[in-house]
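Asker: Sequence first, predicted model second:
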Amino acid sequence: MDSTQNNGTPRSAPAGLLAGKVAFITGAGRGIGAAAARLFAREGARVLLAARTEAQLKAVAEEIRAAGGTADHVVCDLADGASVGAAVDRAVQRYGRLDIAFNNGGMIQRPVPLDEMPEAELDRVYAVNMRGVWLAMAAEIRAVRATAGTGAIVNNSSVGSLRGNPELPAYAAAKRAVNSMTASAAVAYGPEGIRVNAVAPGFTLTEMTRTWEAASPGIQQRITAGIPLGRPAAPEEIAEAAAWLLSDRSSFVTGTVLRVDGGARA
């Protein structure tokens, strides 16, 4: 097909899904977060990548810039409120505004039942997976309100939060709390034009799930057997769902936990 309309005038190039937006992404050094950073940049966003491991962040940011995108990075510990706030502030300092955020960063627990989990490990899982998302949302809402005025936030949950999860009870409980925070924030900030949603990935091929497989051999095969599409997700597939929820094409969607699980919970 040529690049002209039927009347002979030149056809403009299609705008990216996130064109003109500034995006903040946690857990962006690897896995779903890194896939999201690459995708958001390809879709026209200027992205700020945040995570604890600077070498990984730097590598992803350099890859994005080499491909023609706009990216920078900041080291951030989600368990540290001051660190989270400074990272969000960095996005505004670097790009002048904040439009969208993907709160992807998190950690998995060792696969043990509730009564065998040490209290210190429970506290760490909650500090990162629940409290870290809470702190990030609070900082992001303040930044969006002060700059772009309206915007969107997506939190990364898990299908494990939607059912009993005896192998990962603390992880699932923290992610269920993320679902509740998502709904509460959607109701609270919707009148301001700030949408808040979550994605709930099914089994996805990341370093986190490879760690789970190493600790519980056969878990991938067992879970995949219950997925109608017959395979795990790629990180890029979760990133695509997050990108849509952050885009203006989902302008009437808020308070939703979108399952991206190959039909596992159908």
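Answerer: Sure thing, it's come through.

Asker: so Asn155 makes contact with Met137?
Answerer: Yes: contact criterion C-beta atoms under 8 Å: Asn155 and Met137 qualify, at 7.4 Å. Where C-beta positions appear, they are placed from N, C-alpha and C, glycine not excepted.

Asker: okay, and the common contacts of the two?
Answerer: Residues touching both Asn155 and Met137 (C-beta atoms under 8 Å, 6 or more residues apart in numbering): 103, 181, 196.

Asker: From the contact counts, what lies against the helix or strand harbouring Met137?
Answerer: Counting by DSSP states H and E, the element that carries Met137 is helix 132-146. Helix 132-146 is packed against strand 22-26, helix 81-95, strand 100-103, strand 151-156, helix 169-189, strand 194-201, with contacts defined by 3 or more C-beta pairs under 8 Å, 6 or more residues apart in numbering; DSSP states H and E.

Asker: Any chance of TSV for the ones you listed, columns mean neighbour count, mean pLDDT and distance to Thr70?
Answerer: What follows is the helices and strands packed on helix 132-146, written out as TSV (neighbours: other C-beta atoms under 10 Å; pLDDT from 0 to 100; distance: least, C-beta to C-beta, whole Å):
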stretch	mean neighbour count	mean pLDDT	distance to Thr70
strand 22-26	30	98	9
helix 81-95	19	97	8
strand 100-103	29	98	14
strand 151-156	27	98	18
helix 169-189	20	97	27
strand 194-201	26	98	23
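
Asker: out of these, which comes closest to Ala67?
Answerer: strand 22-26 (15.7 Å; C-beta to C-beta).

Asker: next SSE after the closest one?
Answerer: Sequence-wise, the next helix or strand downstream of strand 22-26 (DSSP H and E) is helix 31-42.
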